[in-house]
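> what would the 3D arrangement of this be:
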Amino acid sequence: MTAKRLSRDALGWTVLEQLVANNIDVRADQAVGAAAGAGIFSGDQCAKLGKALDSVRPLPPLWTAVDMGERWSMLDWTESIATGSLRTRAARNPGFELAARPLEAIDRNSVDWNAALRQINGDDDEIVNILKTPLVKDAQLARWVFDQRFAQIRAMRPSNRALARQPGESRTVYTQRVTDGILSVVLPSLWRADDRFRMGVLSREMARAVVAAAQYRAQKGKWPHELEDLTPQYLPQVPRKIFSATGTEFVRYRKTAAGICLYARGVPGSAWREIAIGVAPQTDDSGL
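Down below sits the predicted model:
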């Protein structure tokens, strides 16, 4: 519980701070699940732990950091280009100076900066709306559409002189090309962060379900036959596999001699391809 409180203290207005808080919280949930899943707590201890977990304020959704931190960071970088202070700003951000070098070739007086800022702000709106999408499968489709639009921009990252204005180039065309060039440098990729954050939400739900199952065991002398046995007395609802095709199936539940574990598939092809909370299970026939 101390780790969970500390994770809330790590919160800030950037995506990075949100992820740090989320990762600390996941570690705490893994510890809670390992202890409660081993069946070592009494009914009163489980009830106390469950109440403590329920009292912790939820971590804010990831989109809140994007809506503030990432949005204003991108707009601020654009403003520094428009006012000629890019080099000074880049020098204060290790690792960004080289990436920002192509932006120094921009003819600042030939760009409609209001139009550039509006487009960048609109792209942030689109990212925020995708992050707000409740179902993962719907969010993944929206991500794909977004990435298709930006694939060419990212693939054609400008060279050192590519963003200089070309002879005869109109202000409108040049503004669009400059805006695309800025986006290719400063637009972050947030989908992995979104996956990680959604997995954290599921880990919290699974840890709470393990505590509820442990309370059931302490009071009835046996583990529940299935997770549905916990509702509604011990648990409002059973966690669902958010990364499944429909997002409606319950997470998997296993009982062993050592205790119980809840687990679900995470993000295919990533380091987070499974989520497990409880006493570590053996690999099953499907390789999970």
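> now do the helices in the stretch 151-288 of the chain.
Using DSSP state H, counting those that start in this stretch, the helices of the stretch 151-288 of the chain run over 171-186, 191-220.
> could you do the stretch 1-150 of the chain as well?
Assigned by DSSP H, counting those that start in this stretch, the helices in the stretch 1-150 of the chain fall at 2-9, 15-37, 43-55, 62-65, 71-82, 86-91, 97-100, 113-131, 136-155.
> got the buried residues for the second one?
Of all the residues in helix 15-37, those buried under the rule 16 or more other C-beta atoms under 10 Å are 15, 18-19, 21-22, 24-26, 28-30, 32-37. All C-beta spots, glycine's among them, are computed from the backbone N, C-alpha and C.
> in this protein, what helix or strand scores lowest on average pLDDT?
Here the helix or strand of the chain ranked lowest by mean pLDDT, DSSP states H and E is helix 97-100, holding a mean of 70.
> tell me the span between the first and last residue of stretch 8-18.
For stretch 8-18, the separation between the terminal residues is 9 Å (C-alpha to C-alpha, to the nearest Å).
> check contacts around the residue positioned nearest the centre of the chain.
In the chain, the residue lying closest to the centroid (C-alpha atoms, centre = their mean) is Asp194, at 2.6 Å. Neighbouring residues of Asp194 by C-beta atoms under 8 Å, 6 or more residues apart in numbering: 62, 130-131, 139.
> let's see it at 10 Å
Contact analysis of Asp194 by C-beta atoms under 10 Å, 6 or more residues apart in numbering lists 15, 61-63, 66, 127, 130-131, 133, 136, 139-140, 143, 267.
> so Asp44 touches Gln215, yeah?
Yes. With contact defined as C-beta atoms under 10 Å, Asp44 counts as touching Gln215 (9.1 Å).
> same drill for the two, tell me which one is more crowded.
Neighbours were tallied for Asp44 and for Gln215 using other C-beta atoms under 10 Å; the higher tally belongs to Gln215 (25 against 11).
> coming back round to it: ok, so of the contacts of Asp194, who is nearest Arg171?
Nearest to Arg171, judged by C-beta to C-beta, of those is Ile127 at 27.3 Å.
> do you know the pLDDT at that closest one?
Listed pLDDT for Ile127 reads 95.
> quick one: Leu227 and Arg252 touch, right?
Yes. Between Leu227 and Arg252 there is a contact under C-beta under 10 Å: 9.2 Å.
> who touches stretch 37-54?
Contacts with stretch 37-54, where a contact means C-beta under 10 Å, 6+ apart, come from 1, 4, 28-29, 32, 34-36, 204, 207-208, 210-220, 223, 234-236, 254-256, 258-262, 276-281.
> nearest residue to Ala82 in space, please, no chain neighbours.
Among residues not flanking Ala82 along the chain, Trp113 sits closest, at 4.6 Å (C-beta to C-beta, 6 or more residues apart in numbering).
> state the distance from the one you found to Ile153.
Remark: distance between Trp113 and Ile153 (C-beta to C-beta, to the nearest Å) = 19 Å.
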